[in-house]
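# next comes the sequence, and after it the predicted model I'd like to discuss.
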Amino acid sequence: MGRKHHHYSEEFRAEAVRMAETSGFSIRQVALDLGIANQTLGVWIREAHARPAGTPLAADERTELEELRRRVKVLETEREILRKAAAFFAQETERTR
C-alpha cells in the first residue's frame with residue numbers, strides 16, 4: 001500500500017514552525033504532538049527560513065555580509081598563524097627533551 005500524501009494549509013505549516021521555534025520542545029516532539037513526521041516539520045522550518053531565489057539583499061544585509069566575510073578572513077589568518085606556532089613549539093619541545 002502506498003503512502004498517503006497529506007496537504008496541509010499554509011496556516012497549519014506556519015503555526016507548526018512557530019511552535020517548533022518557540023515551544024522549547026524538540027522538533028521531534030512538536031511533530032509527534034501535531035501528528036506529522038519530524039522530517040516534514042524540518043523541511044517546513046528550512047523552507048520558512050529560506051530566501052526566495054533571486055531576492056536581492058537589503059543594504060544592511062549586504063553591509064553585514066561584507067563585514068562577516070572580512071571577519072572570516074581575519075579569523076582564518078589567525079588560525080593559520082596559531083597552527084604554525086603550535087607546530088613550531090611542539091617541534092622545539094621535542095628538541096629540548
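Noted; the coordinates are in hand.
# tell me how far the longest helix seen in the chain lies from the chain's centre.
Longest among the helix segments of the chain by residue count, using DSSP state H, is helix 59-96. Chain-centre distance of helix 59-96: 22 Å, with Cα atoms, centre = their mean, to the nearest Å.
# kindly report the same for stretch 33-41.
How far stretch 33-41 lies from its chain's middle: 20 Å, per Cα atoms, centre = their mean.
# mind checking the end-to-end distance for it?
Stretch 33-41 stretches 11 Å from its first residue to its last (Cα to Cα, to the nearest Å).
# state the mean pLDDT of that stretch.
Averaging pLDDT along stretch 33-41 gives 94.
# residues near residue 56, how many?
Other residues lying near residue 56 total 8 when counted by other Cβ atoms under 10 Å. In this view, the C-beta of every residue, glycine as well, is placed from N, C-alpha and C.
# just the pLDDT at it, thanks.
76.
# picking up where we left off before, does anything pack onto the longest helix of the chain? Which helices or strands?
Packed against helix 59-96, as judged by 3 or more Cβ pairs under 8 Å, 6 or more residues apart in numbering; DSSP states H and E, are no other helices or strands.
# low-confidence stretches in the protein?
1-5, 51-54 (pLDDT under 70).
# okay, now the domains of it?
With domains defined by automatic domain parsing, the chain comprises 1-50, 56-97.
# need the winner for burial among those.
Neighbour counts (mean count of other Cβ atoms under 10 Å) averaged over each of the domains of the chain peak at domain 1-50, with a mean of 13.
# for that domain, what is the distance to the chain centroid?
On Cα atoms, centre = their mean, the centre of domain 1-50 falls 17 Å from the chain's centre.
# stretch 86-97 too?
39 Å.
# cool, stretch 42-52 as well?
Worked out by Cα atoms, centre = their mean, stretch 42-52 lies 11 Å from the chain centre.
# most centrally placed residue in this protein?
Closest to where the C-alpha atoms of the chain average out (Cα atoms, centre = their mean) is residue 46, at 9.1 Å.
# what about it, distance to residue 20?
Remark: distance between residue 46 and residue 20 (Cβ to Cβ, to the nearest Å) = 11 Å.
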